[in-house]
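# Quick one: sequence and predicted model below, then my questions.
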Amino acid sequence: MGSASPLKARGVGITDVGLQRDHNEDTFAVLQEHELFIVADGMGGHRAGDVASRLASESISDFFQRTAGEEVTWPFHFDSGLSESENRLLTAIRLANRQIYEHSLKSHDLRGMGTTVVGALFNPETRKMYVGHVGDSRAYMIRDGKISQLTRDHSLVNDYLKVMPDMPEDQRSELPKNVITRALGMQDSVEVDLLAHDTRVGDTFVLCSDGLSGMISDAEILQVAGQNDLTAACRNLTALANEHGGEDNITAVLVRIVEDDGTARHAAEPESQRAPLATEPGLGST
């Protein structure tokens, strides 16, 4: 029996200010050489949200680049019950949390800033996609024409539903919809939800801020993100969210599992070349 063909994850991303905000507090990162993909949605006054989200994306990216292929001292406890990939993703997110928190203490304008984050890391050896998240930025998986939400929003509504699953709809509608209960930068430590999914060729993962998931339905995400051209799909998702009102910044990163044809992975783009739509690796924001 022959061995299975090697797989790799290819991703593109886009971010858009939307129609009702005057600046963009979302960022994303596509690190193709590490098969790492990140979306962060910042919050805080005095434009501090965009500082927090950029710190998250840059800190996580920097950790992966600094620790590639070498023995390093881990800044947090290495959990022997998790794989190295899981530990690496978990550590990177925790480190980002610490950096955002420490920055917020140094500046009055940045006090109280925070950001959501969802990160996906593909390991070709295990053929698994590892997803870590904090907040209400989401990860979906599309397979065989069906979409499933992988992450659970860390929101006030979800926290109530967790302890009161039979809450009547009228009570649920009275809860504020946009209050998140967990974010990077709010305390010196953070709890990160971590999960792993087996993959196969054709699986598509959608990472997005709530500016996308809050404006279009899962069925619409499935219809658009399932198309062959991921770059076009990113643009179409943004356009659809804007057609529905564009009430928030909109960010989406689409990742597809494909057979590894042996082509070399590219290095991340230099900062000066990073653009809102990253069809090549890099970090994007507007």
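Structure received.

# burial count for Met113?
29 (other CB atoms under 10 Å). Where you see a C-beta, it was placed from the backbone N, CA and C, and this is true even at glycine.

# Surely it and Met43 touch.
Yes. Counting by CB atoms under 8 Å, Met113 touches Met43, with 7.0 Å between them.

# so what's Cys234 up against?
Residues in contact with Cys234 (CB atoms under 8 Å, 6 or more residues apart in numbering) are 12-14, 252-254, 277.

# Need the nearest residue in space to Leu150, chain neighbours excluded.
Nearest non-adjacent residue to Leu150, counting by CB to CB, 6 or more residues apart in numbering: Ala139, 4.5 Å away.

# dump the residue contacts of the one you found.
If you count contacts by CB under 8 Å, 6+ apart, then Ala139 has 118, 120, 131, 133, 149-151, 205-207 around it.

# which residues pair with Ala139 across the strands?
Note on Ala139: beta-bridge partners Leu207, judged by DSSP bridges.

# Tell me the spacing between it and Glu125.
21 Å (CB to CB, to the nearest Å).

# what do you get for Leu207?
In this view, Leu207 and Glu125 are 22 Å apart by CB to CB.

# Looking at the two, which is more packed in?
Set side by side, Leu207 and Glu125 show more neighbours around Leu207, with 29 against 9, by other CB under 10 Å.

# I'd assumed Val253 was in contact with that one.
Yes. Between Leu207 and Val253 there is a contact at 4.3 Å, judged by CB under 8 Å.

# Overlap of the contact sets of the two?
Common neighbours of Leu207 and Val253 (criterion: CB under 8 Å, 6+ apart): 28, 37-39, 120.

# how about low-confidence regions in the stretch 101-250 of the chain?
In the predicted model of the stretch 101-250 of the chain, residues 156-178 satisfy pLDDT under 70.

# out of the contacts of Ala139, who's nearest Gln187?
His133 (16.8 Å; CB to CB).

# returning to that earlier point: buried among the contacts of Cys234? Need that as a selection in PyMOL.
The buried residues among these can be selected in PyMOL (16 or more other CB atoms under 10 Å) with this line:
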select buried, resi 12+13+14+252+253+254
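
# Now, the contacts of Cys234 that are in helices?
If you go by DSSP state H, the contacts of Cys234 have nothing in helices.

# Of all the contacts of Cys234, the one with the weakest confidence?
Lowest pLDDT among the contacts of Cys234: Leu277, with 47.

# Which positions within stretch 33-44 qualify as buried?
34-44.

# Distance from the chain centre to that stretch, please.
5 Å (CA atoms, centre = their mean, to the nearest Å).

# Make sure Gly185 is actually in contact with Leu110.
No. Using CB under 8 Å as the test, Gly185 is too far from Leu110 to be in contact (9.1 Å).

# Of the contacts of Cys234, which belong to strands?
Mapping the contacts of Cys234 onto strands (DSSP state E) picks out 12-14, 252-254, 277.

# TSV for the residues you listed, including distance to Glu102?
Shown next, in TSV, are these (distance: CB to CB, whole Å):
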residue	distance to Glu102
Val12	32
Gly13	27
Ile14	30
Ala252	30
Val253	27
Leu254	33
Leu277	32
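
# any idea how far Glu102 lies from Arg88?
Using CB to CB, we find Glu102 at a distance of 21 Å from Arg88.

# more neighbours, these two?
Arg88 (25 against 12).
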